[in-house]
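Enquirer: 3D model of this:
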Amino acid sequence: MNVPEHESPAVESYVRLKALGMHLMAHGFTVQYVAGGLVVRNMTSTARSVCGVAGVSGDTITCRPHERDEGRYWYFTSWQQPIAESERIADALVMIKGYLGAPE
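Expert: Below is the predicted model:
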């Protein structure tokens, strides 16, 4: 996803998170856009790491340049672990389903 240089990093991150959010919703996740991130919830989770309400697993995903990948935009977990390069939405979906479980 090539973006004009005049785009701010905040706008760039939002656009990429919006794209990821649409894919996550199509796969049954609940998403909410918050300042600087995307809250993703699996409302039917049986995953081991359950956050918040019983039976719900979730995470706040951010998108920013990855210093170890020449500044390419990557998605990150709330604990700052890289998920996937933002150009690789399918890879991000696989990783997110892996740690939040797939919605039923």
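Enquirer: tell me the bridge partners for the residue most central in space within the chain.
Expert: Nearest to the geometric centre of the chain sits I61, at 4.0 Å (Cα atoms, centre = their mean). Per DSSP bridges, the residues bridged to I61 are L38.
Enquirer: isn't it up against A84?
Expert: No. Using Cβ atoms under 8 Å, I61 is not in contact with A84; the gap is 10.4 Å. C-beta: built from backbone N, CA, C; applies to glycine.
Enquirer: between the two, which contacts overlap?
Expert: Residues within reach of I61 and of A84 at once, by Cβ atoms under 8 Å, 6 or more residues apart in numbering, are Y75.
Enquirer: how about the top helix by length along the chain: buried residues?
Expert: Criterion DSSP state H: the longest helix present in the chain is helix 9-26. Neighbour counts over helix 9-26 (16 or more other Cβ atoms under 10 Å) mark E12, S13, Y14, R16, L17, A19, L20, G21, L24 as buried.
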